[in-house]
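> what follows is a predicted protein model with its sequence.
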Amino acid sequence: MLRLTLRRAGLLVVGLTSAGCAEPEAPAEASLARLVAGTPMVAPPPEQIRELEAITTAEERAASVAFDLVGSPRGALVVWADEALHLQELDRGGRAVGDARVISPAGEGPIQEVVAARSGDRHAVLWSRRDATGERSSAWVSEGGIEALGPTVVTAGRQLALTGDGDGGFLALARGPDEACHDSDAEAGRCATFAIHRLGEAGAPRPLLALPNPCHDAVAGFVATAGRWHYAVCNRSGPKPVTTLFTAQRSPSYAEASELFAGCLDVRALRLGERIWLVGRCAGVRRVTAIEGLARVVEARAWEDVTARCEGERLTLQAGELRLEVEAGADGLAPLLPEGWVSERGRAVWTGDHLLLAQESADLAGPRRSAMRCHEGALR
């Protein structure tokens, strides 16, 4: 066993991994299982009040939307919540295949947030809701039933993430009840807690993170690759939001925390090939950075004036000299698309010949869906 403590610019990270385990392990004891990110929030000086209020207002406008769109072997799956939770299979062109099914019926309390993921040929859905018994999160896996993940905090913004492990299994990152901050340096009082749940496995979740001053969108993303977990969260270190990417590796045992995108909003993490991309909006400009393995292979740079081309089953996105190749089945693409193609809270999947889009809608029949077809190298 290796216990590793890292300090990076006000971050306290405590990790415990085991070279004999199949995946990065969280510590067994709660006292060791705590990762405390960020420095305590202090009152900003008067000249920063206006800037802080502008950021907060932008966050409040970006309310959660209870739907998701993910790739599938036949095309895509769209899930959405009204009074119930629905799932609809789509073909490669975005047309419905069969009837929508109800995963969770109406009458069990309003659903706040919905996320979905693919792992091989299987899919899973994770959601949070508030009912008469309290606030909780639940999950559903294809060819399985619904399982309760335990108490959670139901609030606006992104508080959940779901990822496939590549072997048909799923890992959920969910916000739990707030608790007193344990770090002696933290004066924020209450910290948001997060834990990882392996879906379909009995036992308690793995305590992972205590986060002082969480952002409106506390969770930026969670990606599992062979032997590694990458999860990104946002909290306020001083007046501005800061996104921190945590990476835990099984063998050799290693953990790292990197502060990214200070002052940026709506940061998302997604996987394209072997790289983990993070996209955020900084002072009105989109910026990206990329991690491959344990190294940052693309330093933060602007992602503006994006163009999109398609050839065969590959989609190419380019901004300046930076070019991304997208394979069929890739999802989570909305933050990378040309401006105006999809809303800030929209979703996008590339099926190999169509770009499928889903966006917010006041219609209880589900999100507004559209498709752009590849024709002579262009999407129309």
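It's in. Numbers count the residues shown, from 1 in each chain.
> my read: residue 142 touches residue 122, true?
Yes. With contact defined as CB atoms under 8 Å, residue 142 and residue 122 form a contacting pair (5.0 Å). Glycine gets a C-beta too; all of them are placed from N, C-alpha and C.
> so how many other residues sit close to residue 253?
19 (other CB atoms under 10 Å).
> same check, this time on residue 279
If we define neighbours as other CB under 10 Å, then residue 279 has 24 of them.
> got the buried residues for stretch 324-334?
Going by neighbour count (16 or more other CB atoms under 10 Å), the buried part of stretch 324-334 is 324, 326, 328, 329, 330, 331, 332, 333, 334.
> please apply the same query to stretch 201-219.
Neighbour counts using 16+ other CB under 10 Å place 205-219 of stretch 201-219 among the buried residues.
> hmm, which two among those residues are most spread apart?
206 and 216 (25.2 Å; CB to CB).
> quickly list what residue 247 is bridged to.
Counting by DSSP bridges, residue 247 is bridged to residue 230, residue 256.
> give me the below-cutoff pLDDT ranges for the stretch 151-300 of the chain.
Judged by pLDDT under 70, the stretch 151-300 of the chain has its weakly predicted residues at 183-188, 203.
> can you tell me the SS state at the closest residue to residue 279 other than its chain neighbours?
Excluding its sequence neighbours, the residue lying closest to residue 279 (CB to CB, 6 or more residues apart in numbering) is residue 335, at 4.0 Å. On the three-state scheme (DSSP: H, G, I helix; E, B strand; the rest coil), residue 335 is labelled helix.
> where's residue 335 relative to residue 130, distance?
Counting by CB to CB, to the nearest Å, the gap from residue 335 to residue 130 is 28 Å.
> looking at these two, which is more packed in?
Shown here are residue 335 and residue 130; by other CB under 10 Å, residue 335 has more neighbours (22 against 17).
> check contacts around the more buried one.
Contacts for residue 335 (CB atoms under 8 Å, 6 or more residues apart in numbering) come out as 266, 268, 270, 279, 286.
> and the strands in the stretch 1-150 of the chain?
Ranges of strands in the stretch 1-150 of the chain, per DSSP state E, counting those that start in this stretch, are 2-8, 11-17, 67-72, 75-81, 85-91, 96-104, 111-119, 122-131, 134-141, 146-151.
> let me have those in TSV, adding distance to residue 352 as columns.
Below are those laid out as TSV (distance: least, CB to CB, whole Å):
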stretch	distance to residue 352
strand 2-8	40
strand 11-17	37
strand 67-72	10
strand 75-81	9
strand 85-91	11
strand 96-104	16
strand 111-119	15
strand 122-131	18
strand 134-141	25
strand 146-151	31
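> out of the ones you listed, nearest to residue 357?
Across the strands of the stretch 1-150 of the chain, residue 357 has its closest neighbour in strand 67-72 (7.9 Å, CB to CB).
> pull the distance from the closest one to the chain's centre.
Distance of strand 67-72 from its chain centroid, counting by CA atoms, centre = their mean, to the nearest Å, is 13 Å.
> so what does that strand touch, helix or strand wise?
strand 75-81, strand 111-119, strand 122-131, strand 347-350, strand 354-359 (3 or more CB pairs under 8 Å, 6 or more residues apart in numbering; DSSP states H and E).
> hmm, 6 Å instead?
Using 3 or more CB pairs under 6 Å, 6 or more residues apart in numbering; DSSP states H and E, the elements in contact with strand 67-72 are strand 75-81, strand 111-119, strand 347-350.
> residue contacts, residue 329?
residue 71 (CB atoms under 6 Å, 6 or more residues apart in numbering).
> from residue 157, how far off is it?
Counting by CB to CB - residue 329 and residue 157 are separated by 28 Å.
> for residue 68, same thing?
Separation of residue 68 from residue 157 (CB to CB): 15 Å.
> looking at the two, which is more packed in?
The neighbour count for residue 68 versus residue 157, taken as other CB under 10 Å, is higher for residue 68 (25 against 19).
> which secondary structure element contains the spatially most central residue of the chain?
Nearest to the geometric centre of the chain sits residue 221, at 2.5 Å (CA atoms, centre = their mean). According to DSSP states H and E, residue 221 maps onto strand 214-225.
> counting contacts, what elements does that strand pack onto?
In this structure, strand 214-225 makes packing contacts with strand 160-164, strand 228-237, strand 265-272, judged by 3+ CB pairs under 6 Å, 6+ apart.
> and residue 301, what are its phi and psi?
Note on residue 301: backbone dihedrals following degrees, to the nearest 10 are phi -150, psi 170.
> and it, how many neighbours?
Counted with other CB under 10 Å, residues neighbouring residue 301 total 15.
> got a pLDDT number for it?
pLDDT, residue 301: 96.
> also residue 12?
In this model, residue 12 is scored at 33, pLDDT.
> what is the rounded mean pLDDT of stretch 367-380?
Averaging pLDDT along stretch 367-380 yields 96.
> quick one: end-to-end distance for that stretch.
Start and end residues of stretch 367-380 are separated by 20 Å (CA to CA, to the nearest Å).
> could you do stretch 175-190 as well?
End to end - CA to CA - stretch 175-190 spans 13 Å.
> over to stretch 75-89?
Length of stretch 75-89, first residue to last, CA to CA: 8 Å.
> ok, and for it, which residues are buried?
75-81, 84-89.
> taking those residues, tell me the two that lie furthest apart.
It's 75 and 84 that sit farthest apart of the buried residues of stretch 75-89, by CB to CB, at 22.9 Å.
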